[in-house]
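*Asks:* make a model of this:
(chains A, B, C and D)
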4 protein chains.
Amino acid sequence: MSERYRVGILGATGMVGQRFVQLLAQHPQFEVTALAASDASQGKRYAAACTWRLAGEMPTGVRELVVQPPRPPLDCELVFSSLPGDVAREAEGAFARAGYPVISNSSAFRMDKDVPLLIPEINHEHLQLLERQQGNERGGFIVTNPNCSTIMLALALAPLQQRFGVEACIATTMQALSGAGYPGVASLDVVDNVLPFIAGEEEKIEMEMLKVLGRYDNGRIAAADFKASAQCNRVNVADGHMAAVRVKLARTVDIEEVRAAFETYTSLPQELRLHTAPAHPLIVRDERDRPQPRLDRDAGNGMSVTIGRLMRDAVLDYRFVALSHNTIRGAAGAAILNAELLLATGRLKH
Amino acid sequence: MSERYRVGILGATGMVGQRFVQLLAQHPQFEVTALAASDASQGKRYAAACTWRLAGEMPTGVRELVVQPPRPPLDCELVFSSLPGDVAREAEGAFARAGYPVISNSSAFRMDKDVPLLIPEINHEHLQLLERQQGNERGGFIVTNPNCSTIMLALALAPLQQRFGVEACIATTMQALSGAGYPGVASLDVVDNVLPFIAGEEEKIEMEMLKVLGRYDNGRIAAADFKASAQCNRVNVADGHMAAVRVKLARTVDIEEVRAAFETYTSLPQELRLHTAPAHPLIVRDERDRPQPRLDRDAGNGMSVTIGRLMRDAVLDYRFVALSHNTIRGAAGAAILNAELLLATGRLKH
Amino acid sequence: MSERYRVGILGATGMVGQRFVQLLAQHPQFEVTALAASDASQGKRYAAACTWRLAGEMPTGVRELVVQPPRPPLDCELVFSSLPGDVAREAEGAFARAGYPVISNSSAFRMDKDVPLLIPEINHEHLQLLERQQGNERGGFIVTNPNCSTIMLALALAPLQQRFGVEACIATTMQALSGAGYPGVASLDVVDNVLPFIAGEEEKIEMEMLKVLGRYDNGRIAAADFKASAQCNRVNVADGHMAAVRVKLARTVDIEEVRAAFETYTSLPQELRLHTAPAHPLIVRDERDRPQPRLDRDAGNGMSVTIGRLMRDAVLDYRFVALSHNTIRGAAGAAILNAELLLATGRLKH
Amino acid sequence: MSERYRVGILGATGMVGQRFVQLLAQHPQFEVTALAASDASQGKRYAAACTWRLAGEMPTGVRELVVQPPRPPLDCELVFSSLPGDVAREAEGAFARAGYPVISNSSAFRMDKDVPLLIPEINHEHLQLLERQQGNERGGFIVTNPNCSTIMLALALAPLQQRFGVEACIATTMQALSGAGYPGVASLDVVDNVLPFIAGEEEKIEMEMLKVLGRYDNGRIAAADFKASAQCNRVNVADGHMAAVRVKLARTVDIEEVRAAFETYTSLPQELRLHTAPAHPLIVRDERDRPQPRLDRDAGNGMSVTIGRLMRDAVLDYRFVALSHNTIRGAAGAAILNAELLLATGRLKH
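*Replies:* Next comes the predicted model:
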């Protein structure tokens, strides 16, 4: 533990920033030594600057750290970023150019052609793109994770694509409030209500999903070539995104094969026994009324996607409901798992 | 007004029963003269038997009516029914055989081959089936309306089918709590939660939609022949069902044609100026975040379906979001509109 | 109707501003001819500037009005104000000095010694203070209404004070989200949660209640001399403030007298048949589980306070639960009723 | 661990029963060896009989236990009971007479004069009452814990009573849904709503609080002699009861003394380091908007009461807000702590 990797968090006072702080508090490989934010909290102790909005107390180790501006240098070897979109591009680029590995949850660089959009279970071979991030000196680079809903959907589709081929996917999401940050969604917009709109979300899902599930081919990512359709809704749930999914497969399979593809799915993070990797990336439930956000979002410590209501569909081939924790598997936990993979595969060095 | 048609309500103490009472309180053509229920309220004054769960006060006209068993005879010329499924079949059948027109919101007879599954805007020609209800003496018959979600979806599809043809429809619903009656959904199941299951709902929608949109042909209904897929969820909303819909059309049309098909849709109830018929069965909204249950459920006094977020879809052809009031257009109001059509077309007589 | 009084609304785009617009749309005595706001909406048509957040459509009459800065002159004879506290003092003062009657829902002037804190049922004699507003030329003056919770509590206490004397009042409020405006309360703060704090609210209630229930005495208001304690909570309710109240009376009375004091309470607005005045300022319900926000907030078109659960209390003398609509009786409706009283008593002139 | 005490749970399928199962799954001193319920689940394996409604999975150790009728004999040395009130009296009495220690969360025996109403921090000397439970053979007896709200309020009052004396307490509760069990509160009763009524709750609090805080005196409990007033409301929160409290003390104290009394409060369970005892029975928070149910209910693993918003009160002396987890400290955890105290003080024997 004395040799833990020293990490900084950009956007440390936001909802995802707080999740980073919480998840890293007891991490065996990473130690939070720097916090930065783009807001008025700069220059204050984290305990004073940040209104802690997660259950439980702010971890003691970070309380006295002074919040820095999100500019290099920072007292750390790597940065996790959950900066808002508008400042992320400049700040993350600056850190990468200054030699820091940047593990980002922001959308700024996700679709850049040389930047991996990484889900360790699915596309670890995309990390070969890092060799193409030439502008950065001294080993700096940027690795991103997808949008919260995309992660959940891509994980659900990955074994189907791998085994059967996917030709089309239609997803209708019911997304949690924490996905919009704080203050985020106004309470009057969700009490006794559903919002059928989340800015930019449908486009992100449709685009990112195809990159994530794409194939690394000679220095670039060839996007997956199925059709993807997303309709996104905001519902009155604190944490836990849910999606009703239909999928058309490339060949005829029976429902038991589909179920088995989900249930037996494991990949590199499980083989490497990465600290944050869940034993089961996908959990299949057979009760007729699961998954549910409040009951299932913390499955696998928030890193498993729960799948239920699997059945044949009259229009496409199969339908099911997927659920995962949007600020753990969908954001901070995703980035931490990415960093663990980089460390385990020798891409991070003290 | 002295000549109003005297009507009874079966299932008068339930959520839909109370809507019947509320909507009929000031109706120019119908007057509630009998109330019946299958529960422990029999023999009590309605004011004492029924815990009124709608905003505002119980209408004065029904307070002193004594709740009867749901068996003929009742002191009325017609019955509206919202009896629970398990008792509806026997009770409604008995009323029809005894000569009463039965206008039912229950599911018991909906799929019977001689029973119209009526939405006046869509399939008034299905009323020709009434000639085939021969077992009933003295003019008794049964007319049903579809399930609440089906009504909303069928109304949205009707102009598309009429003008362009529909080849497939995928709907994901987010349904309100009042659809389950009272006590219905346990609060612990929806606080900070979504339930991805409503018993029997997906099957009903997929089946009923094809009958509603089917064609009357020589004494029977030929079901519409497109493919329908429904995934149903219960969300933390009091009233107002919402559906995210994708549709595949039989021919290529541009989005303005689709929009115009919705917006200009009117039909027989509008021509006949039926009391409960909305001026616009479908209202199209262009704001990017509408429709919303709390803001749009009462459009057209709860009888209009509001459509928004219309756009092209990557998998099927178009997608949109539909919303309507599930206990007005989706239940009590639907049945009342059915009765108004029967009256206007000479099928009810004093 | 051709002679309606021409009114302006300051703060027209906010939640209370929209209620003003809604309630005045069909008003027999007032016609909205000017709209002003302190935000970025200035210079735009109201239909473009304002995202309408109430159920139903924005009234047609105001759609084309161009939003003005909240400074005189405005094209109207009187202004209603729901400006935010920070700009209200300057703006309302300017209108009064320029000769406009200002009917304000803002807190800026409520506790000024020459400004009436008016609830027409309770303290219309406080309007004698208007003679002391000497700095204003040409008949300008300011009349305020209390904070939303204070109005409800003061109305409930008024008949008790009048008949029996009040020695102490302890109120615990459970307040609706619309009281905080839009965007107001963050959804993450109320989903599966209660907030035990509303900035400034407890102080306002404790202070305003004593002024409202005070006595006009020779050019000043002598505050009521009972002790008042308020604890305020924000709950997950869209509209409708609720309060659990205990009260100590100045003399021994039995519960039937208390009940009768509530139930028979009427005052000058009822005698004058003011348009917005409810027939019953206080409605007493005997069901053991009423009042409830969703069922009772619209009683008396949102202008009645509903009282229930009246019983003896072991510490003070009596306890009960009060409920009223916080943006109608508690804000826009309160100000409109104030204006109606001014008009009926000859204090407004064309 | 091989010598763990073998326990049974009566009412094992209910909400509190499931909490017992969850909290006992890893308990160092108790092992669940029998499950009983009064409902249709008898004769089935627990995994089949019980729909698990807590986050996470049903513990593996109990899945295969067959649910028994709640009648002795059961294969265990002690029973925890959360039977519904109507069957608890007979069943618990039968177990006590048959020689079982009965640690009950039910209300049936709470006010019996020979039955301790135990909160280990407050009134462990009440256990002397056990000597008076003579009708039970072979060491059987009944120990109860109070109602969920009473436990929270009594813990908050205990240090005040001890140090300063309490003369009156006024509490207004905002209670969570899980307190009503499952299905419990209908969702339509709490969406966009608050219920100002919980059957029997106000009476229970006012009565039980005085017994809990009473003094053991020569074979009986002399009830505390202050006045207590409770108004109870149900709010849209899954877990975590909250109360707005005013208290009148027997002598003048300054606010820092009150704060210190809360903060430094510990008692016998802390000295004995009982497994379930929190380090701090009372946690004081100084943020102006805490405690909040979602953020604070799990403090001290759900066994601490969080107190905030402490300030002087204009009517009584002080006011504050208290919060605790209603099914842990307020029910299953309370009973388990009671059993731990019995074990630690030699009142349970293998």
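
*Asks:* I'd say A:P28 and A:Y5 touch.
*Replies:* No: using CB atoms under 8 Å, A:P28 is not in contact with A:Y5; the gap is 10.1 Å. C-beta: built from backbone N, CA, C; applies to glycine.

*Asks:* give me the more crowded residue out of these two.
*Replies:* Between A:P28 and A:Y5, A:Y5 has the larger neighbour count (other CB atoms under 10 Å in any protein chain shown), namely 18 against 9.

*Asks:* A:E201: what's it in contact with?
*Replies:* A:147, A:149, A:173, A:175, A:230, A:232 (CB atoms under 8 Å, 6 or more residues apart in numbering or on different chains).

*Asks:* the third one - how many residues pack around it?
*Replies:* Looking back up the chat, that one is A:T173. For A:T173, using other CB under 10 Å, the count is 29.

*Asks:* show me what contacts it?
*Replies:* A:149, A:201, A:205, A:230-233, A:241-244.

*Asks:* next one: the fourth one
*Replies:* When contacts are counted by CB under 8 Å, 6+ apart, A:Q175 touches A:148-149, A:198, A:201, A:232-235, A:237, A:241-242, A:326.

*Asks:* could you dump the residues you listed to CSV with pLDDT?
*Replies:* Compiled in CSV, the contacts of A:Q175 are given as follows (pLDDT from 0 to 100):
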residue, pLDDT
A:C148, 98
A:S149, 98
A:I198, 98
A:E201, 98
A:C232, 98
A:N233, 98
A:R234, 98
A:V235, 98
A:V237, 98
A:H241, 98
A:M242, 98
A:N326, 98
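
*Asks:* highest neighbour count among those?
*Replies:* Counting by other CB under 10 Å, top hit in the contacts of A:Q175: A:N326 with 33 neighbours.

*Asks:* distance of that one from C:T144?
*Replies:* Using CB to CB, to the nearest Å, one gets 45 Å for the distance from A:N326 to C:T144.

*Asks:* tell me the one among the contacts of A:T173 nearest to D:A40.
*Replies:* Nearest to D:A40 among these: A:M242, at 30.8 Å, using CB to CB.

*Asks:* describe which strands the one helix or strand that closest one maps to pairs with in its sheet and in which direction.
*Replies:* Here A:M242 sits within strand A:241-249, counting by DSSP states H and E. Strand A:241-249 pairs in its sheet with strand A:166-175 (antiparallel), strand A:318-324 (antiparallel), by DSSP bridges.

*Asks:* can you tell me the SS state at A:L129?
*Replies:* Here A:L129 is recorded as helix under DSSP: H, G, I helix; E, B strand; the rest coil.

*Asks:* what about it, how many residues close to it?
*Replies:* Count around A:L129 with other CB under 10 Å applied: 22.

*Asks:* what ranges does the stretch 201-350 of chain A have for its strands?
*Replies:* With DSSP state E, counting those that start in this stretch as the criterion, the stretch 201-350 of chain A has strands at A:215-217, A:220-222, A:227-234, A:241-249, A:282-284, A:305-312, A:318-324.

*Asks:* now those as TSV including distance to B:L78?
*Replies:* Converted to TSV, those look like this (distance: least, CB to CB, whole Å):
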stretch	distance to B:L78
strand A:215-217	66
strand A:220-222	66
strand A:227-234	40
strand A:241-249	40
strand A:282-284	50
strand A:305-312	41
strand A:318-324	41
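
*Asks:* tell me which of those strands sits nearest to C:A279.
*Replies:* Comparing these by CB to CB, strand A:227-234 comes nearest, at 41.0 Å.

*Asks:* do the closest one and chain C meet?
*Replies:* No: Strand A:227-234 does not reach chain C (CB under 8 Å from any CB of the partner chain); its nearest approach is 8.8 Å.

*Asks:* pull the distance from that strand to the chain's centre.
*Replies:* 17 Å (CA atoms, centre = their mean, to the nearest Å).

*Asks:* report the buried residues of the lengthiest helix in chain A.
*Replies:* For chain A, the helix reaching the highest residue count under DSSP state H is reported as helix A:148-163. Within helix A:148-163, the residues that qualify as buried are A:148-161, A:163, counting by 16 or more other CB atoms under 10 Å in any protein chain shown.

*Asks:* try stretch A:260-271
*Replies:* A:261-262, A:265, A:267-270.

*Asks:* can you redo those residues as JSON lines with pLDDT and distance to chain D?
*Replies:* Output for the buried residues of stretch A:260-271, formatted as JSON lines (pLDDT from 0 to 100; distance: CB to the nearest CB, whole Å):
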{"residue": "A:A261", "pLDDT": "98", "distance to chain D": "22"}
{"residue": "A:F262", "pLDDT": "98", "distance to chain D": "18"}
{"residue": "A:Y265", "pLDDT": "98", "distance to chain D": "19"}
{"residue": "A:S267", "pLDDT": "98", "distance to chain D": "23"}
{"residue": "A:L268", "pLDDT": "98", "distance to chain D": "26"}
{"residue": "A:P269", "pLDDT": "98", "distance to chain D": "22"}
{"residue": "A:Q270", "pLDDT": "98", "distance to chain D": "19"}
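
*Asks:* and the residues you listed, which is closest to chain B?
*Replies:* Among those, A:F262 lies closest to chain B (CB to the nearest CB), at 15.9 Å.

*Asks:* measure that closest one to C:Y182 for me?
*Replies:* A:F262 is 42 Å from C:Y182, by CB to CB.

*Asks:* now tabulate the strands paired with strand A:241-249 in CSV and tack on mean pLDDT.
*Replies:* Converted to CSV, the strands paired with strand A:241-249 look like this (pLDDT from 0 to 100):
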stretch, mean pLDDT
strand A:166-175, 98
strand A:318-324, 98
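
*Asks:* before we move on, the earlier item: which two in the contacts of A:T173 are spaced the farthest apart?
*Replies:* Every pair of the contacts of A:T173 checked by CB to CB; the farthest is A:E201 and A:A244, at 15.2 Å.

*Asks:* ok, A:D112 - how many residues close by?
*Replies:* 14.

*Asks:* what about the residue nearest to it when sequence neighbours are not counted, which SS state?
*Replies:* Nearest non-adjacent residue to A:D112, counting by CB to CB, 6 or more residues apart in numbering or on different chains: A:I142, 7.8 Å away. Assigned with three-state DSSP, A:I142 falls in the strand class.

*Asks:* how about A:I142: which residues does it bridge to?
*Replies:* Assigned bridge partners for A:I142, using DSSP bridges, are A:V102.

*Asks:* and A:V166, by the same measure?
*Replies:* Under the criterion used (DSSP bridges), A:V166 bridges to A:L249.

*Asks:* give the contact list for it.
*Replies:* A:V166 neighbours (CB under 8 Å, 6+ apart): A:157, A:160, A:213, A:224, A:226, A:247-250.

*Asks:* out of these, which are buried?
*Replies:* Using 16+ other CB under 10 Å, the buried ones in the contacts of A:V166 are A:157, A:160, A:213, A:224, A:226, A:247-249.
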